[in-house]
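# what would the 3D arrangement of this be:
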Amino acid sequence: MNMNDCKKTRFSPFLIQCFVTAGVSLNMSGLGLVTGFTTGLLPQLRDPNSPILINDTSASWIASLPGIGIVLGNFIVPVIMTTFGRRKANLCSLVVAAAGWLGIVFSSSVTVLYLARLLQGIRMGMIGALGPVLIGEYTSPKNRGLFLMTISVSISAGVFAIQTLGVYLHWKTCAFVCIGIVSVAMLLVILSPESPTYLADRERYDECRRVFVYLRGNTENEELEKMIATLILAKKEQVTKVQTVTEKILSKMYYLKEIWKKKEFYKPLLIMFHVFAMAHWSGMNILTSYTTNIFEKVVGLDNGINIPLMIVLVGLHRVLGNIIGMIFIKTLRRRVVLFSTISLNIIALLTIAAYTCARDNSWLSFDHPIIGISLIHVQMFSIATGALPLGFILAGELYPMEYKGLCGSITMVFFSLNIFGNLKTVLVLFNSLHIYGTYLLYAVILTYCLIVVGTLLPETKDKTLQDIEEELKGK
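Predicted structure coming up:
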């Protein structure tokens, strides 16, 4: 992005923020494409005529391997985003995404599928840590929550698109479509500017000011100057001297030890650990990757329901729920959204557990498929408006400026462990605890997480990132 263009543009700051957010969000939609891809992939691979045959074990690995890749992506992205910039890190994640989908297209064995899914997980780890941070730095406080909400809308749209395509098209054709989406996202990112926060951190203050005004206009200069002043002060406090390798290692160890004592570092991490745990153990992954299984367990396959149609409707509901969630985020406080949606999620889990237990034990005097279908949609609504978007919104608001890369990476490691553990254990829990035992366990986990987050989370709506950081420090 030519800096002269920043001065000459005729577009309003809001439209420019929409454009740069679109590039990040379209990349983030890849998380939905990757997780939702198994909805069509696994049933097709189970077909006796499939050239690649799988069993329950290989199916669970195909579904859960991206969770391991996320960890690897977390180790890669902080180096890129702090050394070369947020924008280049975003582009690198898209290159990895394209490689993963090409691996799917040319796969001829389960091993190649494993490697491709691992690559997709690496991309998820890269953009998962970077996306909320980048949107948080690009956008104005008054619209930041709305823009961060586009992440979950994009992910849900990705799930809906790939599940719909997977129901009717061959899985390799679906992979080709995903390569096209990656190409469009790459174009948008190329046309977007670098983050002003990164430019200030690299002491490119004049360029930082130009980009900031280009993105935000001239009405938020107080936040700009406060950000630059904070970074200059932090630079002055750093000790600059020639160090040996041993001294550098010891210095890094001391640095890590000291920052763990800071409230603005460990408190956001503790909050985000539990927020992402809520997202994954809400039942989101089951409704995304094991949609057929959940309809079989809750509704039953002997009721004449159209499973492909049910999958499409659940995916559509997820997108619509996210759009409603955008209204919630724009109008309601974060804590209100947290308690209302997660409480509804817990109620949905407990109700489904009670319903399936009663049906399996023939305790119901009346039963109809619409009951199970309605309960699944209530669960999806609670996830789409709460558990799913809150994680990305808070990740873009809570991390302190100085430790954004490190906090994002640590959180995404926990994110990856949750997604891997959740997807890997779904079939095991269904077989051992049944659907009602599994959902009861999920409800207990969500209740614990809600208590912890509700106790620690400050209100962040309409506050600048600097103000949120100051509040986390206790000032």
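
# C-alpha only now, for contacts and for neighbours.
Noted.

# need the per-residue pLDDT for Leu33.
Model confidence at Leu33, given as pLDDT, is 94.

# nearest spatial neighbour of it, chain-adjacent residues omitted?
Leaving aside its sequence neighbours, Leu33 sits nearest to Gly158 (CA to CA, 6 or more residues apart in numbering; 4.8 Å).

# tell me the SS of that neighbour?
Under DSSP: H, G, I helix; E, B strand; the rest coil, the three-state class of Gly158 is helix.

# near it, how many other residues are there?
27 (other CA atoms under 10 Å).

# mind checking the pLDDT average for the helix or strand containing His434?
Assessed by DSSP states H and E, His434 sits inside helix 404-456. Across helix 404-456, pLDDT averages out at 89.

# just how off-centre is that helix within its chain?
14 Å (CA atoms, centre = their mean, to the nearest Å).

# same thing with stretch 72-91?
17 Å.

# contact partners of it?
Identification of contacts with stretch 72-91 by CA atoms under 8 Å, 6 or more residues apart in numbering yields 24, 121-127, 129-131, 134, 186, 189-190, 192-195, 198, 405-406, 409-410, 412-413.

# again with stretch 432-447
277-278, 281-283, 297-298, 342, 346-347, 349-350, 352-354, 356-357, 429-430.

# write the PyMOL selection for whichever of those are buried.
PyMOL command restricting the contacts of stretch 432-447 to the buried ones, with burial defined by 16 or more other CA atoms under 10 Å:
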select buried, resi 277+278+281+282+283+297+298+342+346+347+349+350+352+353+354+356+357+429+430
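
# just the ones of the contacts of stretch 432-447 in helices?
277-278, 297-298, 342, 346-347, 349-350, 352-354, 356-357, 429-430 (DSSP state H).

# now the two most distant members of these.
For these, the maximum inter-member distance is 25.2 Å, found between Ala277 and Cys357 (CA to CA).

# what helices or strands is the helix or strand harbouring Met310 leaning on?
In this structure, Met310 sits in helix 307-331 according to DSSP H and E. Here helix 307-331 touches helix 141-168, helix 291-298, helix 369-382, going by 3 or more CA pairs under 8 Å, 6 or more residues apart in numbering; DSSP states H and E.

# got the angle for that helix vs helix 141-168?
Put simply, helix 307-331 runs at 180 degrees to helix 141-168, going by axes from the mean of the first three to the mean of the last three CA atoms, to 10 degrees.

# pull out the buried residues from helix 307-331.
Buried-residue list, helix 307-331, by 16+ other CA under 10 Å: 308, 311-312, 314-323, 325-326, 328-330.

# with stretch 96-107 instead?
96-105, 107.

# so for it, mean pLDDT?
95.

# same question, stretch 165-174
pLDDT averaged over stretch 165-174 gives 92.

# dump stretch 63-70 to PDB, restricted to CA.
Below are the C-alpha coordinates for stretch 63-70, written out as PDB (Å, rounded to 0.1, in the frame of the first residue of the first chain):
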ATOM      1  CA  ALA A  63     -10.800 -34.500  11.900                       C
ATOM      2  CA  SER A  64      -8.500 -33.700  14.800                       C
ATOM      3  CA  LEU A  65      -5.000 -33.300  13.200                       C
ATOM      4  CA  PRO A  66      -5.500 -29.600  12.500                       C
ATOM      5  CA  GLY A  67      -5.400 -29.200  16.300                       C
ATOM      6  CA  ILE A  68      -1.800 -30.400  16.400                       C
ATOM      7  CA  GLY A  69      -0.900 -28.200  13.400                       C
ATOM      8  CA  ILE A  70      -2.200 -25.100  15.300                       C
END
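
# tell me which other helices or strands the helix or strand harbouring Gln17 touches.
For Gln17, the host element (DSSP H and E) is helix 13-46. Helix 13-46 makes packing contacts with helix 56-83, helix 86-105, helix 110-138, helix 141-168, helix 171-190, helix 205-216, helix 285-289 when contacts are defined by 3+ CA pairs under 8 Å, 6+ apart.

# got CSV for those, with distance to Ile376 too?
Below are the helices and strands packed on helix 13-46 laid out as CSV (distance: least, CA to CA, whole Å):
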stretch, distance to Ile376
helix 56-83, 21
helix 86-105, 30
helix 110-138, 27
helix 141-168, 16
helix 171-190, 26
helix 205-216, 41
helix 285-289, 9
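
# so which of the ones you listed gets nearest Thr455?
With CA to CA as the yardstick, what comes closest out of those is helix 141-168 (20.9 Å).

# how about the residue in this protein that sits furthest from its center?
Seen from the C-alpha centroid of the chain, the residue lying at the greatest distance (CA atoms, centre = their mean) is Ser365, 41.8 Å away.

# any low-confidence regions in the protein?
1-9, 234-245, 247-248, 255, 301-303, 475 (pLDDT under 70).

# Thr21 and Val189: what is the separation?
9 Å (CA to CA, to the nearest Å).

# what is the neighbour count of the closest residue in space to Pro196 that isn't next to it in sequence?
Once flanking residues are discounted, Pro196 sits nearest to Cys208: 4.7 Å by CA to CA, 6+ apart. Per other CA under 10 Å, the neighbour tally for Cys208 reads 22.
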